[in-house]
Structures are given as C-alpha cells and as structure tokens.
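Colleague: give the three-dimensional model of this entry:
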Amino acid sequence: MILVIVKLENVGLRYGVGPEVLRDVSLTLEEGAFHFLTGPSGAGKSSLLKLMYLAHRPTRGLISLFGSDIATTGRDTLPALRRQVGVVFQEFRLLDHMSTFDNVALPMRVANVHEKDIRKHVTELLTWVGLKDHMSARPSTLSGGQQQRVALARAVITRPRLLLADEPTGNVDDKLAVRLLHLLEELNKLGTTIVMATHNEGLVRQFGHPRICIEDGRVEQMGPLRPAHRPNVRMEGKIR
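Modeller: As a prediction, the model looks like this:
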C-alpha cells in the first residue's frame, strides 16, 4: 500500500492583507517520491516548502502531513510531525558556537542517540560530503558552499521521512552539486520522500525526476524533462 506523505487540497496562502502568493494549490506526494520544485524567482517555491514543514498555516484549503489533517491536529502533536521532516534552508541556520561536527550531530543528540553511534554516522556523512577535514571548524570559518554542505548533512543525518531542500546546491560547483544529488538519491532509496527547489535546469535534466512547477502562484505536477542520465560518481560511503 502506497502511503501519502503530503497532500494539499485547494490551498491558498497570503501574507497579511496582500494578494495570495499561492492559489488553488492541489498536489499529492507519495512515500518514496523525489520531486524537483521549479519556477522563477518569486513564484512561491519557498512559500510552498514552508507550508509543507508547517512554518505557515494556509489561508484556505486543507493540508495533511503523514496522514494527519493539520487543521484538526492538536498543538501537542505538531512537534512530533515536524521531527519527521528534514529541512535545508537557503540561509543555512547553523549554530555559530558549535563545530561542524556538533551542528550535524545535534538532531541525533536531541533524539538521544548513543554517542558512539553519533560519532560513527556523523563522521561517515561529513566524509561523504567532503568535510572530513573541517569537523572541528566553526561555521564562520567555512565558505558558503561548505556551510551549505553542513546544513544538508544536518538535515539528512536522522533519515527523515520527508526532506525539503531549498536550493541546496546554490552555493556549490557543478561537480559537488552532482555529488550532493547522489547523496539525496541514496537517502531517497531508503524511503525518504524528497522535494528539492532548484533553479539549476541542468541538474533537473541530468537526474530526470518529476517536477512540481510553480508559475504565478499556481502549481502543476509534471514529468521529467527527459529520461534520467546518471553520471558515474565514486561513492565513498552511504547513509545507513
């Protein structure tokens, strides 16, 4: 039986008394799906992601997350739903007083994972994203691309049921962008549903996942731009 992870029905969103930034949005994301979220700047991509991780309530319409109707879900239940969602923000939101290792380890420590397991999995993941030599560094000493990789590693370390990534390859070169996409695909193979907002049409074509397209506040689910092409990338590790 295929489970529905996210469902939006006739959703509208406006900020304050302004016009709706999202209008009549209806879409369904099934468990294990991988979708690119595309559209011009200002079309509403970030707003749609915020609805999905419950940062905003819709102005109208219905949203369900993991089968729970958000409108009728009690406030004491919402944190448990949010913990099943990993988010990669455009602005990173790393903790400056913590090292790279501790930033990535934080979700595992909040979940009371044994420190031995934390050390193993965080080290493996940071090695995979090319930050093995920066585990003790503070965010302020890292480049924008390095900080973005730390933010991505932190979002995926607990293998969330749903991962929402807002331009996760925006500050890295093409080679590393492909590597990060392979990391996301490894996570997707383990069952995580992924929505990745991007302006990089080259990646969208290269990896060939279906698209959620936003234009002027309206959403359309579409197929891939062309059949997927998988470049050869040496895998030094994998998410367990």
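
Colleague: quick one: average confidence on stretch 193-212?
Modeller: Mean per-residue pLDDT for stretch 193-212: 92.

Colleague: now swap in stretch 151-171 and tell me
Modeller: Per-residue pLDDT over stretch 151-171 has a mean of 90.

Colleague: got the end-to-end distance for it?
Modeller: 12 Å (Cα to Cα, to the nearest Å).

Colleague: next one: stretch 49-63
Modeller: 12 Å.

Colleague: now that stretch: buried residues?
Modeller: Neighbour counts over stretch 49-63 (16 or more other Cβ atoms under 10 Å) mark 49-54, 56, 58, 61, 63 as buried. C-beta here means a position set from N, CA and C on the backbone, and glycine is covered the same way.

Colleague: now secondary structure and pLDDT too, for the residues you listed, in TSV please.
Modeller: Shown next, in TSV, are those (DSSP: H, G, I helix; E, B strand; the rest coil; pLDDT from 0 to 100):
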residue	secondary structure	pLDDT
49	helix	94
50	helix	92
51	helix	94
52	helix	94
53	coil	91
54	coil	90
56	coil	89
58	coil	94
61	strand	95
63	strand	95
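
Colleague: and the residues you listed as a markdown table, adding distance to residue 5?
Modeller: Formatted as a markdown table, the buried residues of stretch 49-63 follow (distance: Cβ to Cβ, whole Å):
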| residue | distance to residue 5 |
| --- | --- |
| 49 | 14 |
| 50 | 16 |
| 51 | 14 |
| 52 | 9 |
| 53 | 12 |
| 54 | 13 |
| 56 | 18 |
| 58 | 17 |
| 61 | 17 |
| 63 | 12 |
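
Colleague: wait, residue 92 sits on residue 146?
Modeller: No. With contact defined as Cβ atoms under 8 Å, residue 92 does not reach residue 146; the gap is 10.1 Å.

Colleague: out of the buried residues of stretch 49-63, who's nearest residue 165?
Modeller: The nearest member of those to residue 165, counting by Cβ to Cβ, is residue 49 at 8.4 Å.

Colleague: point out where the protein drops to low pLDDT.
Modeller: Residue ranges of the chain with pLDDT under 70: 1, 225-240.

Colleague: that one: helices as residue ranges?
Modeller: 45-52, 78-82, 100-110, 115-128, 144-156, 174-189, 201-207 (DSSP state H).

Colleague: what number of residues lie near residue 161?
Modeller: Residue 161 has 19 neighbouring residues, counting by other Cβ atoms under 10 Å.

Colleague: that one: what's it in contact with?
Modeller: By Cβ atoms under 8 Å, 6 or more residues apart in numbering, the contact list for residue 161 reads 5, 31, 66, 84-85, 191-193.

Colleague: among those residues, which ones are buried?
Modeller: By 16+ other Cβ under 10 Å, the contacts of residue 161 give 5, 31, 66, 85, 192-193 as buried.

Colleague: go ahead and confirm residue 32 touches residue 191.
Modeller: Yes. At 5.8 Å, residue 32 counts as touching residue 191 under the criterion of Cβ under 8 Å.

Colleague: could you find the closest non-adjacent residue to residue 92?
Modeller: Computed as Cβ to Cβ, 6 or more residues apart in numbering, the closest residue to residue 92 that is not its neighbour in sequence is residue 151, at 4.5 Å.

Colleague: good, wrapping up.
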